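>>> Compute the structure for the input listed below.
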Amino acid sequence: MEFCKQFNARTQDKAGKVIPVIITVYNDKSFEFITKNPPVAVSLLEITKVKQGSKESNRLKVGNVTWDQIRQVAEAKMPDLNCFTIESAMSMVAGTARSMGLTVTGESPLKKK
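Numbering: from 1, shown residues only. Model prediction:
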């Protein structure tokens, strides 16, 4: 009951969104938890207003996303990702978008090696 109260208090500004949580419970039944940002896939679905990703992402495309939208999602998710630069975060988000059946439109701002 106490967890629900604390969780609702911390996430009241994010009502209706999927929020990952890491919960640590101690022997004396006390606990602490860390809330994360919504998953990249959920953020991309919200931006594109698509209900779900494609079942065949290499053949059937369900929507489009721009590089500006990719940057927006990457900047929001940056603390939870295992990368150090915004370019690598954008690359990860773009890969998720492609695997969901979304087409990334526009000129890629990522460095070519």
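
>>> The most centrally placed residue in the chain: what's it in contact with?
In the chain, the C-alpha closest to the average C-alpha coordinate belongs to V40, at a distance of 2.0 Å (Cα atoms, centre = their mean). Applying Cβ atoms under 8 Å, 6 or more residues apart in numbering, we find V40 in contact with 73, 77, 92-93, 96. Quick note: C-beta positions are derived from backbone N, CA and C, even for glycine.

>>> In which helix or strand does I23 reside?
When elements are assigned from DSSP states H and E, I23 belongs to strand 21-25.

>>> Check V18 too.
Assigned by DSSP H and E, V18 falls within no helix or strand.

>>> can you check S88 too?
S88 belongs to helix 86-99, assigned by DSSP H and E.

>>> following that helix, which helix or strand comes up?
If you walk from helix 86-99 toward the C-terminus, the next helix or strand you reach (DSSP H and E) is strand 102-105.

>>> where exactly do the strands run in the chain?
Along the chain, the stretches classed as strands by DSSP state E are 21-25, 31-35, 63-66, 102-105.

>>> which residues sit in contact with the residue lying farthest from the centre of the chain?
Distance from the C-alpha centroid of the chain peaks at D28, with 33.8 Å (Cα atoms, centre = their mean). Applying Cβ under 8 Å, 6+ apart, we find D28 in contact with no residue.
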